[in-house]
Structures are given as C-alpha cells and as structure tokens.
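Asks: Could you work out the structure for the sequence below:
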Amino acid sequence: MPTAITNNAGDTAANQGSAGTRGDFVTLPTATTSSAGAAPSDVAGRGTAGHGGGGGAGSGSSYAVVGNAGTGNASAGSSGTAGDTAGSQAPVQPGMTLVLGVGSWGLRGHSSDGSSWSYCGEKSTGDDHSPDLLRNVGYGDGVFIAVGGDKNGRVMRTLDGVHWQDDVHPTNACGNEGYPNTCLTWMGGVAYLDGVWLAGGGNGATMRSRDAGASWQAVRGRFPEKHIRDLAAGSGLFIASTDGGALYVTSNAGESWTVKNIWSGASSSAYLHVVHGHGTFIAFAQGACFISSDRAETWQACASSVKGSQSFAFDGTRWVASISPGYATSVDAKTWTAHTASNVPGELQWGGSAWFGWRGDKFYRGATLDSFMPVASPRGYRAWVVGSVLPGNVPGPGSVCIDNRGGA
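Replies: Okay, the predicted model is just below:
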C-alpha cells in the first residue's frame, strides 16, 4: 500500500480538498459504561487506512481508531467501491463492538467483527470531490462522527451505525460566520476529548460541538490559514497537524493554539499523524517519528527500530508498532522489543477484546498479535474507527442509511 505522506493533488481553491491515497487511524475515547468487549482505559492506535481517508483523531479514557488521509484527504479514483463480504451482519445490539468505515459518495459500512459488513451510500459520479465525501470518522462516548465535504463542512452522526443524521452542519447554518466559513469549507480531521468534539479542515477552519456532535459552532482561535490534515487528543490537549509538518496544540478546545515545528526538512505537503496513549504522544510520517511525554512541550526522535512503522497502538498496557516481519512492543514508547510474527498487518488497532488491522486490500482480525488472519476485503474506505454501541443507543436518532450504490 502507498506509504508517502504527501499531498499529490494540492488544494488550490479556497474550499477544495485534495486527494489522498492512504490513511491512518488514531485512538478516540469510548465510554466508561461496561459492555461486552469493552476496552481497557486509555488505549490508542494509529495506522494507515486501506484506501486513504480524511484526517481525524482523538484519545482519552478508552479506545477507538480512526483512518486518516495519507497523501491528502481522499484519493481520487483510488477508493473503488465497497466490496460486500460474504456472510450476514448480526443485528446491532447494545454493548456490541462496532467497526465503522466511511468513504466517497457517503459510503458507510459497519461490522461487529470485521468479517461481515453492511453498507450504504450513493452511486459513484466519477468525481469524489462531492458534498457527501466522507474524509474522516471518529468515536467518542458512544457517538460516531463522520466529517468531510468539498465546498461544505459535512458532518454525519450515528450512535449505532445503522441510523444516521446525514447533515448536522448544513451550508445554511453559519450565517455571517466570516472566513473561513465552516459551512463552506471541507473538514479533514475530528477528535473527541472530555465531552468536546473538535473538527478542522481547509484553510484552518475549526469548529466545535459540546452536545455530542448534534450541533457545531465555529471556533475563532486564530488558527493560521493552513489545511488541517489530522487531529488528535489526549492529556487535556487537542493537536492539529497541518501541511508542512507543523503541529498546533491547544489546551482550551481551540480558543488559542501554539505551534510546534518538530519536523525539519518536511516538504510543504507532508504532515504528521499523531496518536496518544498513557500520557505519551507519537507523531509520525514516512521517515519521521517523534515522541512527547510532557504534554507536547518537547519532542524527541523515536527509536530507529520503529521509525518506519506505519502505525502505533496503545492497548492499555503497552505500545505496539508494526514492523517487518512482525511487531514491536514498548511500555514507554522509547525502548522497543521486536517480535517475529506472520500476517501482522501494517495498520493495527486494539478493539478491547481483539486486534484489528489492514494490509493491502485485506482486513485482519486476531485474538492476539500472533494470530492475525485476513477476514474480509472491504474496499472504498477512506477512514475507519472502532467503538462500541452503548445501552439506550439502539435504535439511534436519524434515518436508516440506504444503499443506493447500484450494484457495488
């Protein structure tokens, strides 16, 4: 799968999102409510999504993983259509682990085990820069939020993967908001932390929700006019990653930002992916990797043994990085131990009771890191996340998502 972290298409228009060919994923908090397969507290993950995706992130008290863009925010023509995997998808039940993927033309798919998937979405128009382009998806406290758009800030919301509120931030919702207008600018990243959702995208547009993603308001935090490609959260902070390899840190949910230029020599279109776990941030891209254990104040280079890893995940006890051939583990993200194993995918995510991952066009699952097996070939996802369906959230608000892809 592609490994370059560069924007090949470039955003030339004020609200135009660029294409990408790979993605990554990052931890987001889940609720602390007990449920089947609930994850240990403070679990993080990051890896490359199978077919690119919008930036997104978050972390906090529990787990979840998001797929993000590698070379932009959705690779034109690279996503294809979702492949319906054989097998019937079990009805969504409270307490169920839910793997949820999103993509072009409103593509959404969900699975409880990574093997069998249910899909919905619209028919391809040939140009995936459409108002219903979904670039990123995040999870927090029982809520899944998908963001994207083209010349709009599209937000879709679900509690169960089946029922969706399709456009909770429509183009007429912002009034005289000013520039950049979050209703008229694509969103590339989303993160959740301590009851707050934060999203960001083209030209530094940022917006926030304090009502579980049901409504969004612009944040005028004087973010520079740079495209936000990734968002992460943890240790009381949100971190935005922009073109040129810079990180921007906020401790007040976007009201003000501090820049961290930790990647010297980054190209103008390269950007870092960020993941959080147990008080540590890891920021990485192809050929670059940095860690911080002091709330993003200072950063050091990662150990050379994991510098080229495509993903990092924290399972509540240890960090895990994908390496060849196998994986590496660490308790502090500084000293790593290599383990040889087969079938370990490049993208790793801990789901609370099982590991999930992606390599090439295959989705993997394993009870342990040494027992991965390919279980499905879903196609078209630009981003994906793992969360759980909470009691009282079935059925969720909104309408049942209909599959109008036309024989995909």
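Asks: Is the nearest residue to C302 once chain neighbours are set aside bridged to anything, and to what?
Replies: Nearest non-adjacent residue to C302, counting by Cβ to Cβ, 6 or more residues apart in numbering: C289, 3.5 Å away. (Glycine included, C-beta is placed from N, CA and C.) Taking DSSP bridges as the rule, C289 bridges to F284.
Asks: just V275 next, same as before
Replies: I282.
Asks: isn't it right next to F312, touching?
Replies: Yes: using Cβ atoms under 8 Å, V275 makes contact with F312 at a distance of 5.4 Å.
Asks: Report how many residues lie close to D160.
Replies: Residues contacting D160 under the criterion other Cβ atoms under 10 Å number 24.
Asks: and it, what helix or strand is that in?
Replies: For D160, there is no enclosing helix or strand under DSSP states H and E.
Asks: wait, it sits on Q93?
Replies: No: the criterion here is Cβ under 8 Å, and D160 misses it with Q93 at 9.2 Å.
Asks: Please enumerate the shared neighbours of the two.
Replies: 389, 394 (Cβ atoms under 8 Å, 6 or more residues apart in numbering).
Asks: where does this structure have low pLDDT?
Replies: 1-89, 407-408 (pLDDT under 70).
Asks: One more pass at 80, please.
Replies: 1-90, 407-408 (pLDDT under 80).
Asks: ok, which stretches of the stretch 251-400 of the chain are helices?
Replies: Using DSSP state H, counting those that start in this stretch, no helices are assigned anywhere in the stretch 251-400 of the chain.
Asks: Just give the closest residue to V274, not the sequence neighbours.
Replies: A232 (3.8 Å).
Asks: That neighbour is in contact with F238, isn't it?
Replies: Yes: with contact taken as Cβ under 8 Å, A232 and F238 are classed as touching, separated by 7.3 Å.
Asks: more neighbours, these two?
Replies: Higher neighbour count among A232 and F238: A232, with 35 against 29, using other Cβ under 10 Å.
Asks: Now the phi/psi pair for that one, please.
Replies: phi -130, psi 160 (degrees, to the nearest 10).
Asks: So G357 versus F372, what's the distance?
Replies: 6 Å (Cβ to Cβ, to the nearest Å).
Asks: Please apply the same query to A288.
Replies: From A288 to F372 the distance is 26 Å (Cβ to Cβ).
Asks: So which of those two has more stuff around it?
Replies: F372 (24 against 21).
Asks: which residues sit in contact with that one?
Replies: So F372 contacts 341-345, 355, 357, 364-366 (Cβ under 8 Å, 6+ apart).
Asks: Burial check on P131, number of neighbours?
Replies: P131 has 17 nearby residues by other Cβ under 10 Å.
Asks: list the buried ones in stretch 382-399?
Replies: For stretch 382-399, the buried set under the neighbour-count rule, 16 or more other Cβ atoms under 10 Å, comprises 382-390, 393-394, 396, 398.
Asks: How far off centre is that stretch?
Replies: 15 Å (Cα atoms, centre = their mean, to the nearest Å).
Asks: again, but for stretch 137-149
Replies: The answer for stretch 137-149 is 9 Å, by Cα atoms, centre = their mean.
Asks: Any chance you could give me it in PDB, C-alpha atoms only?
Replies: Output of stretch 137-149 as PDB, limited to C-alpha atoms (Å, rounded to 0.1, in the frame of the first residue of the first chain):
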ATOM      1  CA  VAL A 137     -14.600   9.300  11.200                       C
ATOM      2  CA  GLY A 138     -14.200   9.500  14.900                       C
ATOM      3  CA  TYR A 139     -15.700   7.900  18.000                       C
ATOM      4  CA  GLY A 140     -16.300   9.200  21.500                       C
ATOM      5  CA  ASP A 141     -18.600   8.400  24.400                       C
ATOM      6  CA  GLY A 142     -21.000   6.300  22.300                       C
ATOM      7  CA  VAL A 143     -21.100   8.700  19.300                       C
ATOM      8  CA  PHE A 144     -19.600   8.200  15.800                       C
ATOM      9  CA  ILE A 145     -18.900  11.400  13.800                       C
ATOM     10  CA  ALA A 146     -18.000  11.400  10.100                       C
ATOM     11  CA  VAL A 147     -16.700  14.600   8.600                       C
ATOM     12  CA  GLY A 148     -15.700  15.700   5.100                       C
ATOM     13  CA  GLY A 149     -17.300  17.600   2.300                       C
END
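Asks: ok, so what distance separates T329 from H110?
Replies: Taken as Cβ to Cβ, the span from T329 to H110 is 30 Å.
Asks: the more surrounded of these two?
Replies: Applying other Cβ under 10 Å to T329 and H110 shows that H110 carries more neighbours, namely 25 against 16.
Asks: re earlier: which ones are touching the residue nearest to C302?
Replies: Taking Cβ under 8 Å, 6+ apart as the test, what C289 contacts is 282-283, 301-302, 306-309.
Asks: And these, which is closest to G189?
Replies: A283 (13.7 Å; Cβ to Cβ).
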